[in-house]
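J.: One predicted model, sequence on top.
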2 protein chains.
Amino acid sequence: MTHDDNGGFDPREFLPYLLNQAAEASSLEFQAIYKARYGMLRTEWRVLFHLGIYGRMTAKEIADRATIHKTKISRAVQKLAGRRFLVRERDPGDRRREYLELTPAGRAAYLDLSAVASEYEARLMAPFTEEEAQLLRRMLHRLAQRPAEP
Amino acid sequence: MTHDDNGGFDPREFLPYLLNQAAEASSLEFQAIYKARYGMLRTEWRVLFHLGIYGRMTAKEIADRATIHKTKISRAVQKLAGRRFLVRERDPGDRRREYLELTPAGRAAYLDLSAVASEYEARLMAPFTEEEAQLLRRMLHRLAQRPAEP
DNA sequence: CGCTAACAGTTGAATTTGTAACTAACAAGG
DNA sequence: CCTTGTTAGTTACAAATTCAACTGTTAGCG
């Protein structure tokens, strides 16, 4: 043997690595769609989706829900506002905060893309049974919880 | 309701999104370790691991096995070589190719990190049964297969 | 009040990544 | 040999991401 045998540890079976590969592969195709149709980046459609689903909210709220850094949100919001997909409105009660809301154009894009996402997801899950799919979701949710800092 | 209800579609349940969150959360802690101890980036430790496990091989072989773009490999190899974690040796039979091999320092880093990775993985999987863990792996492998282009 | 700390959001500079084009080496057919 | 095509690996430039510092605003508290 020309190399170490470290107890059968295989980097291709390392969970964070596997998760990464699956995540990348599974977003590739969908990414191509929102990029081609609306020139959006990933963070942009995430913001769009959050506003589409939950309605009017601030950048901070989106950042917390989606666990996206605030600078990414800030830049995504700028682009979406520039394309008239959303409007910003300062909160009169707390002038640091700014409410974001989709315009009709933004809503149309959201509806279009969420329909595509739905079909896409169905195709991704097609090889699995309903039980498997549910278990997968549960496990991913569990893994996504960041361990608390002391 | 102040927003659209799009057939119950929730971005937080969208599979590519969930995979991403889980992947990010699960690599965060480990990333901090190899970054702090060895100043490595993700691609760098992947290259290190591959060489540690499979021994001497070329950049192309690593790229194929790990599905990492060759430019990333190239830059990772440069950094690892600069830190004397690996040595490069041109193949006399085909002078385009270059064999990569860990130095003792590289091997030490690999052994250290693979031990950490092993424990880390065990902790990640601890909440699940053995059957669940195996199913998760199978599903991730399946999802990671990119659909063939026509 | 008046001071300090915290917060929402933005910006600029440094890193990192992605895309394309490039060099150097080999291979195969005429 | 000599073109044409392919491969391994590198580099240059643009795009995206990260990190730190910044503005403006509110909150807490002596």
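T.: Received the coordinates, thanks.

J.: near DNA strand C, which residues of chain A?
T.: Along chain A, the residues adjacent to DNA strand C under the rule Cβ under 7 Å from any atom of the strand are A:58-60, A:63, A:70-71, A:73-75, A:77-78, A:88, A:96-98. Yep, even glycine has a C-beta here, placed from its N, CA and C like the rest.

J.: One more pass at 10 Å, please.
T.: For chain A, the contact set with DNA strand C under Cβ under 10 Å from any atom of the strand comprises A:24, A:31-32, A:35, A:57-64, A:69-78, A:81, A:88, A:90-91, A:94-100.

J.: all helices for chain A, in order.
T.: Assigned by DSSP state H, chain A shows helices spanning A:15-38, A:42-54, A:59-66, A:70-82, A:104-125, A:130-144.

J.: got a list of what the most centrally placed residue in chain A touches?
T.: With distances taken as Cα atoms, centre = their mean, the residue of chain A nearest its centroid is A:Arg46 (4.8 Å). Applying Cβ atoms under 8 Å, 6 or more residues apart in numbering or on different chains to A:Arg46 gives the contacts A:Ile62, A:Ala66, A:Ile68, A:Ala76, B:Pro11, B:Tyr17.

J.: One more pass at 7 Å, please.
T.: A:Ala66, A:Ile68, B:Pro11 (Cβ atoms under 7 Å, 6 or more residues apart in numbering or on different chains).

J.: I'd say the second one and A:Glu44 touch.
T.: No: with contacts counted by Cβ atoms under 7 Å, A:Ile68 stays clear of A:Glu44, the gap being 10.8 Å.

J.: quick one on the thing from earlier: select only the buried ones of the contacts of A:Arg46 in ChimeraX?
T.: Only the buried entries of those go into this ChimeraX selection, using 16 or more other Cβ atoms under 10 Å in any protein chain shown:
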select /A:66,68 /B:11
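
J.: pLDDT-wise, what's the bottom of the contacts of A:Arg46?
T.: Lowest pLDDT among these: B:Pro11, with 73.

J.: how near is the nearest residue to that one once chain neighbours are set aside to A:Arg83?
T.: Leaving aside its chain neighbours, B:Pro11 sits nearest to A:Phe49 (4.0 Å; criterion: Cβ to Cβ, 6 or more residues apart in numbering or on different chains). The gap separating A:Phe49 from A:Arg83 is 15 Å, by Cβ to Cβ, to the nearest Å.

J.: give me the number of residues near the residue lying closest to A:Leu80 once chain neighbours are set aside?
T.: Closest residue in space to A:Leu80, ignoring its immediate chain neighbours: A:Leu86 at 4.8 Å, by Cβ to Cβ, 6+ apart. By the criterion of other Cβ atoms under 10 Å in any protein chain shown, A:Leu86 has 24 neighbours.

J.: ok, now A:Arg95?
T.: 8.

J.: do the same with the one 5 residues further on
T.: Residue neighbour count, defined by other Cβ under 10 Å, stands at 23 for A:Leu100.

J.: related to what we said a few turns ago, of the helices of chain A, flag the one that's most buried.
T.: When the helices of chain A are scored by mean count of other Cβ atoms under 10 Å in any protein chain shown, the highest mean neighbour count falls to helix A:42-54 (a mean of 22).

J.: Let me know whether that one sits next to DNA strand D.
T.: Yes: Helix A:42-54 lies within reach of DNA strand D by Cβ under 10 Å from any atom of the strand, at A:Arg42, A:Thr43, A:Glu44.

J.: Check stretch A:74-88 too.
T.: Yes: for stretch A:74-88 and DNA strand D, the contact criterion (Cβ under 10 Å from any atom of the strand) is met by A:Ser74, A:Arg75, A:Ala76, A:Lys79.

J.: ends of that stretch, how far apart?
T.: Length of stretch A:74-88, first residue to last, Cα to Cα, to the nearest Å: 12 Å.

J.: now swap in stretch A:80-92 and tell me
T.: End-to-end distance for stretch A:80-92: 23 Å, by Cα to Cα.

J.: I'd like the distance from it to the chain centre, please.
T.: Mean-position distance between stretch A:80-92 and its chain equals 20 Å (Cα atoms, centre = their mean, to the nearest Å).

J.: what's in contact with that stretch?
T.: By Cβ under 7 Å, 6+ apart, the surrounding residues in contact with stretch A:80-92 are A:44, A:47-48, A:51, A:97-103, A:105-106, A:109.

J.: related to what we said a few turns ago, show me what the residue nearest to A:Leu80 is bridged to.
T.: Beta bridges link A:Leu86 to A:Leu102 when assigned by DSSP bridges.
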